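Chemist: Quick one, fold the following:
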Amino acid sequence: AAPYTNFPTAPVTCAAVGSDDRVWVGTNGGGIAVYDGLYWTQYTQSSTSGGLASDVVRSIGVDGTEVWVGTDNAGVSRLNTTTGQWTTFNTSNSSLPHNRVNAIAFAWVGSWPNPSRARFFATDGGLAQQHWNGTQYVWTVVTTSTGGASLLSNKVHDLAHGASGTFWIVTAGGVNKVVD
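Modeler: All right, here's what the predicted structure looks like:
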């Protein structure tokens, strides 16, 4: 088979590369696909029996064996590549502030001896952080009305995490700088 077999025909909207060098792409209507160096494998809402919440993908991120897929209006879906299990977080079953997930980032939070790997989701309703505290997922949401560190706009377009721990949060109202 040709290397582009199973490549989605829908326009590509985002991409991420995992530590295993597999390339993951999100599309506008064709779900996601992964390139293993030889072939593409496509995942859609239909082929995953609804595990992927939507075929309209706005953002994608890879963190170890987890692929996180931000959708246009169905929240964020997580694929555990080891087990093949899908989990979706949205405004109905979590503290995600909006179902449009524009960007995804990962960072270690907390201090030794109990740091936790956190996920950050840029949404149209603010910035959400999710981490596992050992027994359950814990969510923190930052908006324009959050006391202390608040956003310039709840519509968060993008975010970046620097090596020094600084977060840059791009909103419709400007850029927030948050120092860890």
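
Chemist: residue boundaries of the helices in the protein?
Modeler: For the chain, helices defined by DSSP state H do not occur.

Chemist: How far does stretch 68-86 sit from its chain's centre?
Modeler: 8 Å (CA atoms, centre = their mean, to the nearest Å).

Chemist: Now do it: distance from first to last residue.
Modeler: Stretch 68-86 stretches 10 Å from its first residue to its last (CA to CA, to the nearest Å).

Chemist: Could you list everything the residue nearest to the spatial centre of the chain pairs with in the sheet?
Modeler: Nearest to the mean C-alpha position of the chain, counting by CA atoms, centre = their mean, stands Ile104 at 3.7 Å. Counting by DSSP bridges, Ile104 is bridged to Phe121.

Chemist: measure it to Tyr35 for me?
Modeler: From Ile104 across to Tyr35, the span is 19 Å (CB to CB, to the nearest Å). (Each C-beta comes from the backbone N, C-alpha and C, glycine too.)

Chemist: Next: Gly147.
Modeler: Remark: distance between Gly147 and Tyr35 (CB to CB) = 44 Å.

Chemist: One more: Asn99?
Modeler: Using CB to CB, Asn99 is found at 28 Å from Tyr35.

Chemist: Which one's more surrounded, Gly147 and Tyr35?
Modeler: Tyr35 (19 against 5; other CB atoms under 10 Å).

Chemist: Return the set of residues that bridge with that one.
Modeler: Val23, Trp40.
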